[in-house]
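Trainee: Quick one: sequence plus predicted model below, questions after.
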Amino acid sequence: MNSMRKKNFSSIDLRWITGGLVIVFILAVITTQTSAPLTLQIAHERLMMKIDPSGDRAYKYGTQHMDGEDPRHYDIQAAETFLKQAVKLDPNLLYVHHQLARVAFLKGDFSTALFHINLQIQKHGKDTPNSYYVRGLIEGYMGDYASAAEDYEKFLKVAPYNWAAINDYAWVLLKDERFEEAARATEEGLKHFPENPWLLNSSAIALYEIGDIEKAHERVQKAWAQVQNISKEEWLHSYPGNDPAVAGEGIATFHDAVAQNVQKIDAALALESKPQQ
């Protein structure tokens, strides 16, 4: 984990290696944006904050600049500036620490992200259950897989059919070498989302790890077929808050990850099918 913090984060961090296979998880692309030119919209928003400063206004501006599906207005630095203003003006805003945690995570500042999401849950955990999802993601990136799994489980009790959460839950289970649990989690998810390439890929890895190579091969072949159909719009929707400029790189990374898994599982199946001497 420490080596990751020293480099410039980009969509390549979609991938984690386990047992030679590549896991692809959700909400985990670190923005490559470091600065952006001052736009007329941001200048107007700054002026309005001087004329009529309020926590609600600052929060509105901040969250608008975190929308990866709106490339024209995406600006993570502006988002951070406005959200920091919001928390100063009204520290009791329902989601303000949640959003500050997301911004810090996107910048690779995991300790600050964890501080804000812990404060969010302390203040509003009952009203913002998706904060457990965000905390699980942060903990996973920090290598605390057991805590991450617990937080994903809390979120999934509220939203059991959220495929992205199921996939990210499987991710931390795989990283924690809890392969049987990861296989069960992805199996349940695929009952509701049978053509989801992320779940199919994670399922293939879990099945490979528990020795069910034939079924892993079936799943990874389906993942490969489905990953061909991912559009930029679908990718951006699946990775909210991330820089839209890296969408193409993110899709290519996913293709590469599944392709590597196809090769690995194909080789394992061929070896398993080889007649014993």
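Mentor: Structure received. Numbers count the residues shown, from 1 in each chain.

Trainee: which residue ranges form the strands in this structure?
Mentor: Taking DSSP state E to define them, one finds strands in the chain at 15-18, 21-24.

Trainee: Mean pLDDT lowest where, among those strands?
Mentor: Lowest mean pLDDT within the strands of the chain: strand 15-18, at a mean of 44.

Trainee: Would you map the helices across the stretch 51-200 of the chain?
Mentor: 55-64, 76-89, 96-106, 110-124, 130-141, 145-158, 163-175, 179-192, 197-209 (DSSP state H, counting those that start in this stretch).

Trainee: for those, which one ends up most surrounded?
Mentor: helix 197-209 (a mean of 27; mean count of other Cβ atoms under 10 Å). Yep, even glycine has a C-beta here, placed from its N, CA and C like the rest.

Trainee: for the residue lying closest to residue 169 once chain neighbours are set aside, what are its contacts?
Mentor: Distances taken as Cβ to Cβ, 6 or more residues apart in numbering place residue 152 nearest to residue 169, at 3.9 Å, with adjacent residues excluded. Taking Cβ atoms under 8 Å, 6 or more residues apart in numbering, we find residue 152 in contact with 132-133, 136, 165, 168-169, 172.

Trainee: Could you measure from residue 152 over to residue 172?
Mentor: For residue 152, the distance to residue 172 equals 7 Å [Cβ to Cβ, to the nearest Å].

Trainee: same question, residue 227
Mentor: 22 Å.

Trainee: ditto for residue 196
Mentor: Counting by Cβ to Cβ - residue 196 and residue 172 are separated by 18 Å.

Trainee: Could you do residue 210 as well?
Mentor: 17 Å.

Trainee: Return the per-residue confidence for the closest residue to residue 130 other than its chain neighbours.
Mentor: Leaving aside its chain neighbours, residue 130 sits nearest to residue 155 (6.5 Å; criterion: Cβ to Cβ, 6+ apart). Listed pLDDT for residue 155 reads 98.

Trainee: What is the longest helix along the chain packed up against?
Mentor: When the chain is parsed with DSSP state H, its longest helix is helix 247-273. Judged by 3 or more Cβ pairs under 8 Å, 6 or more residues apart in numbering; DSSP states H and E, helix 247-273 is in contact with strand 21-24, helix 197-209, helix 213-227, helix 232-238.

Trainee: from the middle of its chain, how far away would that helix be?
Mentor: From the chain centre to the centre of helix 247-273 is a distance of 20 Å (Cα atoms, centre = their mean, to the nearest Å).

Trainee: do the same with stretch 201-215
Mentor: 22 Å.

Trainee: Same check on stretch 164-175?
Mentor: Centroid separation for stretch 164-175 versus its chain: 10 Å, with Cα atoms, centre = their mean.

Trainee: Can I get that stretch in CSV, CA atoms only?
Mentor: Output in CSV follows, covering the C-alpha atoms of stretch 164-175 (Å, rounded to 0.1, in the frame of the first residue of the first chain):
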residue,chain,number,x,y,z
ALA,A,164,-21.3,-2.4,-7.2
ALA,A,165,-21.3,-2.9,-3.4
ILE,A,166,-21.5,-6.7,-3.9
ASN,A,167,-18.5,-6.5,-6.2
ASP,A,168,-16.5,-4.3,-3.9
TYR,A,169,-17.4,-6.6,-1.0
ALA,A,170,-16.1,-9.5,-3.0
TRP,A,171,-12.9,-7.5,-3.7
VAL,A,172,-12.0,-7.1,0.0
LEU,A,173,-12.9,-10.8,0.7
LEU,A,174,-10.6,-11.9,-2.1
LYS,A,175,-7.8,-9.6,-0.8
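
Trainee: Show me the shaky parts of the stretch 1-150 of the chain.
Mentor: 1-20, 23-38 (pLDDT under 70).

Trainee: my guess is residue 182 meets residue 202, correct?
Mentor: Yes - applying Cβ atoms under 8 Å, one finds residue 182 in contact with residue 202, separated by 7.0 Å.

Trainee: where do the contact lists of those two overlap?
Mentor: In contact with both residue 182 and residue 202: 170, 174, using Cβ under 8 Å, 6+ apart.

Trainee: how close does residue 135 sit to residue 168?
Mentor: 12 Å.
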